[in-house]
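**Student:** pasting the structure only:
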């Protein structure tokens, strides 16, 4: 992966944490650079950004791995997604990550091609969120 694409991936991750870019802006920037998706792994503390040729770059999450609850609470994860989408003044990506891991979310896969995010738990339970229209 070229240096510019890797730098953009790092910038987008940092922007999620420091609230300088919202999810739609991050998606737009990554798509514009040719990415077709990314995955967040809370247990490993990593974000992996993928190109269509399967080239990828792995970026460490600034807060490392988070403890993930054993049981996956799909309704609780969905509620956190709605909170993030509403983007109220008290929203932060750090709090979102802490909240969804407490609800058993081990990570999520963002597919730009499929226009959806697949949230998953330790034992394979999932919640699928389609991109808002």
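**Tutor:** Arrived safely. All of these numbers come straight from a predicted model, not from anything done at the bench.

**Student:** dump the residue contacts of the closest residue to residue 30 other than its chain neighbours.
**Tutor:** What sits nearest to residue 30 in space, not counting adjacent residues and going by Cβ to Cβ, 6 or more residues apart in numbering, is residue 12, at 6.0 Å. Backbone N, C-alpha and C define where each C-beta goes, glycine included. By Cβ atoms under 8 Å, 6 or more residues apart in numbering, the residues touching residue 12 are 21, 26, 29, 30.

**Student:** Tell me if the first one really is in a strand.
**Tutor:** No: secondary structure assignment places residue 21 outside any strand; it is coil (DSSP: H, G, I helix; E, B strand; the rest coil).

**Student:** Now it: phi and psi?
**Tutor:** phi -140, psi 140 (degrees, to the nearest 10).

**Student:** likewise the one 5 residues further on?
**Tutor:** In terms of degrees, to the nearest 10, the main-chain angles of residue 26 are phi -60, psi -50.

**Student:** Perfect, I'm done here.
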